[in-house]
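Student: Okay, structure incoming, though there's no sequence with it:
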Ligand code: CO
C-alpha cells in the first residue's frame, strides 16, 4: 500500500470553506493519504448529539448504521464537486485516497455526496469548480429532494389548508466581509435548475421582502454567485411624494431574477440621486448612474432574457450588477454627500438638489 508521511498534511484557511487540509509534498495517484478517524457512534447516538447543529463531521460506515465522528486531520478535508481524492472503506476503516497525482501546496478534497439531510438544509456548495452541482448532496439525494418538495407542495393538510411555504429570511452580510468584494462566479443552466439554486432564489426573495429592499445580490447573503433578485413593490411608493417618484422615474417593478447579468448598453444621459444598500445599513449617498440600461442575463429557468430599463429600475439593476463584480455604491458615490440616514432626514431630505450639490463644494 502506497502511503504518505502524515507530517506533510497541514490545516490552514481554505478558499472553499473555513479551514482545509493541504499537502506540503506531492502525492501519487492511488496513495492512501490519511484515515478518517474519530469516535464510533450509532446513527441514533449521533442524531441525539447533533440534532440542533448544522455542521457535523459524521461519516457513515456500511449501510449507515454506524458513523465516525471525525476528530483528526481528515475531518478538515473540504468537499469539492471536482475533487482530487475519494474515500474508500476497508474493514470498517475509512481511507482518503488520491484520485490523481496531487501537487505540493494543493488543498485536498473529496466529493461528500451527502444524503439524508434536513429538508431546510440545502448544503450549498461554494467549491467553485467547473460543473459544480451547487450543493454537496449527491445526484440521487438531489432527485429525492426535488420529488419530496413537489409532494409537499401538492399535499393539502388535514384541515384543508396548504402547508405554509415561506422560508425564513437569511441574514444580510455587511460591508467589510470579503465576499462583498470578490467577483461572483457564473452559474450553469444545470445549476440554475438545481433544487439548491431554486430554493436559494426563494430565500433571497423572502429576505429582500423582509429587509425590505428593492434588490438583493447573492454575495450579500454570503454566496459568491452571479445571481440577484429585484422587485420594486407599489407599497414602497406610498410614503414618497408624486414629485419625487416622477423625478426618479420610479414605477413598480415585478419580481425579477438576474443570473450572469451583463450591461450590454447604457445611456450617456446620467442622473444623480441618493441611494443606499442593505449591506451598509443606515447610510446613504448621492450616486451618479446611467439613466437607462439594457441588460442581458438568464432568468430562473435558465432562459436568456433582455431587460430594457430606465429611471429607478435602471439604477437598481446597475447597483445589483455592481455587487456581482465586487463593487459597492460607495465606490461610485459623491464622497462628500455620504452620511447617516438619520442626518439625511434631519438636514437634507426634501432640499433641492442644488443644496445637496453644495455639500460637495
Ligand atoms: Co446593495
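Tutor: Here it is on my side, so go on. From a predicted model like this one, the values you see are computed outputs, not experimental measurements.
Student: what about the spatially most central residue of the chain, distance to residue 86?
Tutor: Centroid-nearest residue in the chain, with Cα atoms, centre = their mean: residue 223, separated by 2.0 Å. Distance of residue 223 to residue 86, given as Cβ to Cβ, to the nearest Å: 27 Å. Yep, even glycine has a C-beta here, placed from its N, CA and C like the rest.
Student: residue contacts, the residue nearest to the centre of the chain?
Tutor: Listed by Cβ atoms under 8 Å, 6 or more residues apart in numbering, the contact set of residue 223 reads 124, 126, 179, 184, 200.
Student: Look at residue 131 and say how many residues are nearby.
Tutor: Neighbours of residue 131 under the rule other Cβ atoms under 10 Å: 9.
Student: what do you get for residue 283?
Tutor: Number of residues near residue 283 (other Cβ under 10 Å) recorded here: 18.
Student: Is it in contact with residue 275, as I believe?
Tutor: No - with contact defined as Cβ atoms under 8 Å, residue 283 does not count as touching residue 275 (10.3 Å).
Student: what's the longest strand that the chain contains packed up against?
Tutor: In the chain, with assignment by DSSP state E, the single longest strand is strand 253-266. For strand 253-266, the elements it packs on are strand 227-232, strand 292-298, helix 311-324, judged by 3 or more Cβ pairs under 8 Å, 6 or more residues apart in numbering; DSSP states H and E.
Student: hmm, 10 Å instead?
Tutor: Under the contact definition 3 or more Cβ pairs under 10 Å, 6 or more residues apart in numbering; DSSP states H and E, strand 253-266 sits against helix 189-192, helix 195-210, strand 215-217, strand 227-232, strand 283-290, strand 292-298, strand 304-310, helix 311-324.
Student: and the next element down the chain from that strand?
Tutor: strand 270-275 (DSSP states H and E).
Student: Work out the sheet partners of that following strand and label each with its direction, please.
Tutor: Partner strands and pairing direction for strand 270-275 (DSSP bridges) are strand 283-290 (antiparallel).
Student: Give me the buried positions along the partner strand.
Tutor: 283, 284, 285, 286, 287, 289, 290 (16 or more other Cβ atoms under 10 Å).
Student: What separation do you get for the fifth one and residue 238?
Tutor: Going back to what we said before, that points to residue 287. 24 Å.
Student: now the end-to-end length of stretch 87-105.
Tutor: 20 Å (Cα to Cα, to the nearest Å).
Student: so how far is stretch 131-142 off the chain centroid?
Tutor: Distance of stretch 131-142 from its chain centroid, counting by Cα atoms, centre = their mean, to the nearest Å, is 15 Å.
Student: and what of stretch 298-314?
Tutor: 20 Å.
Student: and the nearest residue to residue 332 once chain neighbours are set aside, what are its bridge partners?
Tutor: Nearest non-adjacent residue to residue 332, counting by Cβ to Cβ, 6 or more residues apart in numbering: residue 287, 5.3 Å away. Per DSSP bridges, the residues bridged to residue 287 are residue 273, residue 333.
Student: can you give me the strands for the stretch 51-200 of the chain?
Tutor: 58-61, 66-70, 78-79, 85-90, 93-98, 109-110 (DSSP state E, counting those that start in this stretch).
Student: Need those strands in JSON lines (columns: distance to residue 213).
Tutor: Converted to JSON lines, the strands of the stretch 51-200 of the chain look like this (distance: least, Cβ to Cβ, whole Å):
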{"stretch": "strand 58-61", "distance to residue 213": "37"}
{"stretch": "strand 66-70", "distance to residue 213": "40"}
{"stretch": "strand 78-79", "distance to residue 213": "31"}
{"stretch": "strand 85-90", "distance to residue 213": "41"}
{"stretch": "strand 93-98", "distance to residue 213": "43"}
{"stretch": "strand 109-110", "distance to residue 213": "35"}
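Student: Tell me which of these is the most buried.
Tutor: For these, the largest average neighbour count (mean count of other Cβ atoms under 10 Å) is found in strand 109-110, namely a mean of 22.
Student: which helices and strands sit right next to that one?
Tutor: Short answer (3+ Cβ pairs under 10 Å, 6+ apart): strand 109-110 packs on strand 78-79, strand 85-90, strand 93-98.
Student: now the ones you listed as CSV including distance to residue 207 and mean pLDDT?
Tutor: Below are the helices and strands packed on strand 109-110 laid out as CSV (distance: least, Cβ to Cβ, whole Å; pLDDT from 0 to 100):
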stretch, distance to residue 207, mean pLDDT
strand 78-79, 25, 90
strand 85-90, 35, 89
strand 93-98, 37, 91
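Student: nearest to residue 262, of those?
Tutor: strand 78-79 (30.1 Å; Cβ to Cβ).
Student: Give me the contact list for that closest one.
Tutor: Here strand 78-79 makes contact (Cβ atoms under 10 Å, 6 or more residues apart in numbering) with 14-21, 107-114, 123, 125-127, 135-136.
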